[in-house]
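Visitor: structure for this input, please:
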Amino acid sequence: MALRLSLRSLFEASFMSIVAIASLALGIGANTAIPMTIVGVAPEGLEGTTFGARPAVFVPSTVRDIVLAGPGTSSFEDRRRYWAYVFARLKPGISLEQARTPLNVPYTAFLNGGEAPLQIGMTGGAKGMSCSCDNSPHHRAVGRPPMDETDRRYPIGRFSRQSTPLDGTGRLAHIDAIAHAPGAMRRLVRGLSDADLNRRYREGGWTIRQVVHHVPDSHMHAYARFKFALTEDAPQVKAYNEQRWADLPDVEDVPVTVSLDLLEALHLRWTSTLRSMSNDDFSKTYQHPELGVVRLYDALQLYAWHGRHHTAHIELALA
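Guide: Okay, the predicted model is just below:
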C-alpha cells in the first residue's frame, strides 16, 4: 500500500536522512499496523490541507476506515461523512463572479436535492435540541407558519443529530467540518465591498456582515461550553440573545476581517481540543437553559452544521 510522508522533518527524524527505504509497517491505526510502501516525501513546508492539523503521513483514502475505526467499518457510502475535498482555481481572464454564476445553479440543486435529504434521514434526538439561531428573529419568516422544508433560512436543512453516539470516523468528519469553516467563510467574503457585505440572504434576514460577526460569537460560547463540560460535572451554561448581539455597534464598526481572524484562532484551539478527546469525553454533558442536557457528541454535530449553515447563507446572499 502506498504511503507518502507529509513532513520532511518526520522522515529525517525517523530515518536520520532521506534514503531509499522500500517498505515499512506503521502503526497508524489504533487497531493494526499496516504494511506501507513509501512512494515519496512531500516538499518542505507542505503541512496538509486542514487548518490546525499537521498530518505526519498521507495514506490512500481506501484505508481511512481501518485507520479510524478498524477493519470491517465502511464510511464511504455514508454521505454525511466528509472524506474528500475538491479545490479549483480560476482560469486566467475569468473573474470570481463569472465562475460563480454558472456554478450556482447546479450547486443550489445539489444542496436542495442532495444535501437536505441527508438531514431528513437523521433522527431528531432530545427534545428542543436545535441550533439556537433557528429560533432567532433573523431566521423566522413573518406571516408564515413554522417550516420543516429547506428554504432560504435553512439552505442545508434544519439541524438534526444522529441518534446514537458518534464513532471515531463520524466525529472526525464533524471536526474536519469545524476546521474548514473559517477558510470557507473567508474565501466567500474576500474582496467584498461594504455594499456587498450589506446584502441579505433573504428579505428580513441578517446581512453578510452580521452573519460573519455572529459565527465567532456563537462558537466562542461553544468552545467555552466544551471546556466547562470537560473540566466540571455537567455544568450549567449561559445562553445569549443572538439578535441583540448582532445589533450592537461593533458589528457595523469593526471590519469583518477581525472576526474572521478571531474565528480562525478560535477554531485552531477548539479543534486541537476536539482531536484530543476520548469516547468518554464526548459523552460528557452540560446543562443549557433552553436545550436541557446536551452531550458533547451532540454539540459537535450541532456546531459542524452551524458553520456550514451560515456559510450557505453567505452563498445565497451573493448568488
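Visitor: can you list the domain ranges for this protein.
Guide: Listed by automatic domain parsing, the domain ranges of the chain are 2-68, 96-318.
Visitor: least reliable of those domains going by mean pLDDT?
Guide: Of all the domains of the chain, the minimum mean pLDDT falls on domain 2-68 (a mean of 57).
Visitor: what about the strands in the stretch 151-300 of the chain?
Guide: Taking DSSP state E, counting those that start in this stretch as the criterion, the stretch 151-300 of the chain contains strands spanning 285-288, 292-295.
Visitor: who touches stretch 309-319?
Guide: 100, 104, 107-108, 111, 131, 152, 154-156, 159, 181, 184-185, 188-189, 196, 199-202, 205-208, 211-212, 214-215 (Cβ atoms under 8 Å, 6 or more residues apart in numbering). Every residue, glycine included, has its C-beta placed from N, CA and C.
Visitor: in that stretch, what counts as buried?
Guide: Judged by neighbour count using 16 or more other Cβ atoms under 10 Å, the buried positions of stretch 309-319 are 309-318.
Visitor: and the strands of the stretch 151-300 of the chain: which comes nearest Val258?
Guide: Minimum separation from Val258 across those (Cβ to Cβ) falls at strand 285-288, 28.0 Å.
Visitor: in terms of secondary structure, what does the closest one contact?
Guide: Secondary structure elements in contact with strand 285-288, counted by 3 or more Cβ pairs under 8 Å, 6 or more residues apart in numbering; DSSP states H and E, are helix 208-231, strand 292-295, helix 296-318.
Visitor: what angle do the first one and helix 296-318 make?
Guide: Just to be clear, that refers to helix 208-231. Calculated by axes from the mean of the first three to the mean of the last three Cα atoms, to 10 degrees, helix 208-231 forms an angle of 170 degrees with helix 296-318.
Visitor: which of the helices and strands packed on strand 285-288 has the highest mean neighbour count?
Guide: Among those, ranked by average contacts under mean count of other Cβ atoms under 10 Å, first place goes to helix 296-318 (a mean of 23).
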